[in-house]
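Q: The following block contains a protein sequence and its predicted model.
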Amino acid sequence: MAITVAGVSFGHPGGETLFFDVSFRVATGAHVGLIGDNATGKSTLLRLIAGLHEPEEGVVTVDGSMRFMPQSIGQRDDPVTVREFLAGLSGWRVEEAARRLQRAEADNAAGPTEKTGMALAAMMGEWADLHGFEIEAQWDAACTDVLRESFATAAERLVTTLSGGERKRMALGALLASDADVLLLDEPDNFLDVPAKRWLEEQIRSSNKTILAVSHDRELLSRAIDRLVTIEGSGAWTHGGSFETYHEAREARNERLGSALDRWKDEERRLYRHFKTLKQRAAASDALASRAAAAESRWQRFVDAGPPASPPPTQRVTMQLRGADSGRRVVRCQALEVAGLTLPFDVDVHFGDRVAVIGPNGSGKSHFVRLLGGEPVDHQGEWVLGARVAAGLFVQTNDRPDLAGRTPMEALAPLGGSIDQQMKVLGRYGLAGAATQSYESLSGGQQARLQVLMLERSGVNLLLLDEPTDNLDLVSAEALQSALVGFEGTVIAVTHDRWFLRGLNRFLLFPLDGSVGEALDPETAIAMLTDPAHQPGPGSYKPLT
């Protein structure tokens with residue numbers, strides 16, 4: 001039930017090599033996180049392990065049955081039914097059998113005959129042989145848990161009617177309850193709200209399956225993951241612990257690599273000087289000729305063996321969100337009601353506040369920040385920005401029509417600066433190599449970094465951030481948090497990222513009942529979201545509706 005990756009290399013046809021000589025092992029029952037900078041090939045490696053790509057070099061072996069959940073499963077562009085969606089997660093045999101059974105049921109319902117009845121009976125027998133009825137029970141549990149309706153009721157619904165979070169939660173429920181021995185999960189936490197992320201952590205921790213998951217969620221990597229495999233420096237290395245001890249382990253590893261390389265260089269210089277000295281002396285004494293030749297041979301063998309691995313280059317992302325002064329009251333909301341989602345509420349946001357907007361999916365959080373960003377959102381009541389407030393909006397889905405078809409260089413051009421200056425700025429965001437790529441061809445993390453860069457260059461002093469860390473790698477997410485510390489202005493951020501949440505200082509809760517309130521601290525906010533029965537302590541929660 002293990003995963004073994006040995007000496008694997010891969011590059012897209014006609015493109016650069018993504019990684020080479022990648023080796024690691026996921027032991028039976030282990031829960032391992034696969035991490036690394038954006039665009040280093042994590043999702044590609046997961047697809048390679050799933051058998052959707054072939055390695056150029058090396059070998060991948062997976063013991064036991066395997067299921068793969070791609071990152072795109074949370075997107076809203078698949079015109080398939082819930083039945084087809086769940087069957088597609090269950091392996092090709094189940095998927096094909098489900099399709100044939102559905103067709104046989106439809107044929108028999110349209111005009112039942114002895115022939116259609118026999119075909120349906122045969123297909124039901126095949127479905128039973130594949131344990132299809134047990135699988136349907138798992139699907140029913142997933143539908144009931146997420147959609148509050150049975151599989152029989154939800155089977156023909158189009159998944160485009162489900163939110164990204166509902167789709168992902170349903171897929172995870174079905175996969176974790178399946179008989180698969182090995183799960184490959186690409187960004188399983190994306191689109192999940194805080195209660196769903198807590199649920200996922202508990203499910204992973206209690207599972208006896210072998211799990212390899214790509215994730216940028218620092219809380220999940222700390223709470224549910226046993227080991228971390230980092231794609232870095234075109235190869236990979238393994239940390240035998242969770243994210244809580246990862247930074248220390250990485251620094252210690254790089255120090256060891258740097259020390260070993262320094263020692264190798266010192267020894268190479270010593271051997272080189274030694275044989276050169278002997279050669280000079282051999283010019284005056286033939287007795288030293290053989291010793292000089294032996295010393296040169298020893299130096300050459302040392303050089304041919306090559307140096308130890310160098311410390312991998314560290315991706316440095318530096319965000320400089322400077323902002324500017326504004327009036328003391330930045331936002332005032334009076335009897336504001338996001339239509340169909342919240343009850344009327346009053347809230348003031350002041351200069352310098354770092355406001356988290358949290359709550360379950362579908363509670364109106366994104367609508368609220370989009371409204372403040374000037375988008376047409378149906379609402380009642382009043383809201384107003386204060387004096388000298390300039391707002392900038394970060395969009396969770398990276399859906400930016402204003403950037404469509406444009407390269408990062410073209411996007412920056414109207415904001416001023418020479419080409420050299422623009423390239424330096426792109427370099428700070430790890431985007432110099434993508435300067436001439438179209439926005440659509442950038443990775444999700446690159447698109448997110450470009451959005452932040454546009455906010456930096458526009459000089460706004462009110463940042464409206466809708467899930468800003470969702471697509472950012474660990475380095476970029478931490479760079480954003482560091483930049484917000486020195487930002488002269490106000491931040492209102494919708495987030496399910498609990499690590500990011502703890503860096504903010506006000507916490508607006510949007511429950512599904514439409515009420516809006518403010519928690520005093522992040523732990524109270526998280527507790528109220530994950531446990532509806534939780535009673536906050538005196539003074540730790542203030543209703544705003």
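A: In hand now; what should we look at?
Q: Does anything pack onto the longest helix along the chain? Which helices or strands?
A: Across the chain, the longest stretch assigned as helix under DSSP state H is helix 246-282. If you count contacts as 3 or more CB pairs under 8 Å, 6 or more residues apart in numbering; DSSP states H and E, helix 246-282 packs onto strand 235-239, helix 289-305. The way it works is simple: take the backbone N, C-alpha and C, and place the C-beta from them, glycine included.
Q: if we go to 6 Å?
A: With contacts taken as 3 or more CB pairs under 6 Å, 6 or more residues apart in numbering; DSSP states H and E, helix 246-282 sits against helix 289-305.
Q: which of the residues in the helix it packs on are buried?
A: For helix 289-305, a neighbour-count test (16 or more other CB atoms under 10 Å) marks 291-292, 295-296, 299, 302 as buried.
Q: Dump those residues to CSV, plus pLDDT.
A: Listed next are the buried residues of helix 289-305 as CSV, based on pLDDT from 0 to 100:
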residue, pLDDT
Arg291, 74
Ala292, 83
Ala295, 81
Glu296, 87
Trp299, 87
Phe302, 84
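Q: With respect to Ala174, which of these is nearest?
A: Among the buried residues of helix 289-305, Phe302 lies closest to Ala174 (CB to CB), at 56.6 Å.
Q: and the closest one, what does it touch?
A: By CB atoms under 6 Å, 6 or more residues apart in numbering, the residues touching Phe302 are Leu271.
Q: Try it again at 8 Å.
A: Neighbouring residues of Phe302 by CB atoms under 8 Å, 6 or more residues apart in numbering: 267-268, 271.
Q: In the residues you listed, which residue is surrounded by the most others?
A: Counting neighbours by other CB atoms under 10 Å, Leu271 leads the contacts of Phe302 with 18 neighbours.
Q: Check what pLDDT that residue gets.
A: As predicted, Leu271 sits at a pLDDT of 83.
Q: In this structure it contacts Ala295, no?
A: Yes - contact criterion CB atoms under 8 Å: Leu271 and Ala295 qualify, at 7.3 Å.
Q: Give the helix, strand or coil label for Gln396.
A: coil (DSSP: H, G, I helix; E, B strand; the rest coil).
Q: Distance from the chain centre to stretch 449-468, please.
A: Distance, stretch centre to chain centre, for stretch 449-468: 19 Å (CA atoms, centre = their mean, to the nearest Å).
Q: Enumerate the positions of it that are buried.
A: Going by neighbour count (16+ other CB under 10 Å), the buried part of stretch 449-468 is 449-457, 460-468.
Q: do stretch 205-218 as well
A: Neighbour counts over stretch 205-218 (16+ other CB under 10 Å) mark 207, 209-218 as buried.
Q: got the angle for the longest helix of the chain vs strand 235-239?
A: Here the directions of helix 246-282 and strand 235-239 differ by 120 degrees (axes from the mean of the first three to the mean of the last three CA atoms, to 10 degrees).
Q: how distant is helix 246-282 from the center of its chain?
A: Mean-position distance between helix 246-282 and its chain equals 38 Å (CA atoms, centre = their mean).
Q: What of stretch 393-407?
A: On CA atoms, centre = their mean, the centre of stretch 393-407 falls 18 Å from that of its chain.
Q: from what I can see Ser438 touches Leu403, true?
A: No - look at Ser438 against Leu403 with CB under 8 Å: they stay out of range, at 9.1 Å.
Q: Who has more neighbours out of these two?
A: Neighbour count, other CB under 10 Å: between Ser438 and Leu403, Leu403 has more, with 20 against 14.
Q: Excluding chain neighbours, what is closest to that one?
A: Tyr439 (4.3 Å; CB to CB, 6 or more residues apart in numbering).
Q: next one: Thr61
A: Once flanking residues are discounted, Thr61 sits nearest to Thr4: 4.7 Å by CB to CB, 6+ apart.
Q: does the one you found sit in a helix or strand, and which one?
A: Following DSSP states H and E, one finds Thr4 within strand 3-11.
Q: Give me the mean pLDDT for that strand.
A: Averaging pLDDT along strand 3-11 gives 91.
Q: With that, I have no additional questions.
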